[in-house]
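Student: the following block contains a protein sequence and its predicted model.
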Amino acid sequence: MLYDLIVLAMQSDSTRIATLEISSEQFDASILGVSGGYHLTSHHGQQEDKIRDLIKLELYQTKAFARFLEKLNTLHDESSDTSLLNDSIVLFGSGLGNSNAHTNTDLPIMVAGGGFKHGQHIVLPKASHKRVPLSNLYLSILNRMGIEDDTFAQSTGTLTPLQTA
């Protein structure tokens, strides 16, 4: 329902920015047959039953996100000839690459819309001396939005694999 509200807000031009946290403890995971909530489930300790529950939760979240993108893609922005999705930049992800171990590397991040080159899985260097900061993605997004700047936080440049389609 919250995704639907965001679509309506964007469609009516009531806002140009929206943030949604979907993994908090307030999410009632019992509707999916999962007990313990998202946070407890994400710290699965390699227990197979908790991993199965985590997969259920994340599949549910990913499907809801896909429906959100589909809605944005079917709606046309009145000020342009493209879809609302193409005229928006949507970022979906997590601050943890492995929630069980609390690691903040190899983050699962998805970017949709905004005229970026899509349909690709980009794996960035893992070596600590070559590690690419997430702020490079943020800088790329800012530049795409017309905010031309050379740096953002700890960025070392933009993400060239995201160049526009």
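Tutor: Thanks, I have the structure now.

Student: packing partners of the strand or helix carrying residue 3?
Tutor: Using DSSP states H and E, residue 3 maps to helix 2-11. Packing partners of helix 2-11 (3 or more Cβ pairs under 8 Å, 6 or more residues apart in numbering; DSSP states H and E): helix 48-74. Glycine gets a C-beta too; all of them are placed from N, C-alpha and C.

Student: got the angle for the helix it packs on vs helix 2-11?
Tutor: Orientation check (axes from the mean of the first three to the mean of the last three Cα atoms, to 10 degrees): helix 48-74 against helix 2-11 gives 20 degrees.

Student: which stretches in the chain count as strands?
Tutor: 89-93, 109-113 (DSSP state E).

Student: which regions of the chain sit below the pLDDT cut-off?
Tutor: The model of the chain has pLDDT under 70 over residues 23-26, 77, 127-128, 164-165.

Student: OK, contacts around the spatially most central residue of the chain?
Tutor: With distances taken as Cα atoms, centre = their mean, residue 92 lies nearest the centre of the chain, 0.6 Å away. Shown in contact with residue 92 (Cβ atoms under 8 Å, 6 or more residues apart in numbering): 65, 109, 110, 111, 112.
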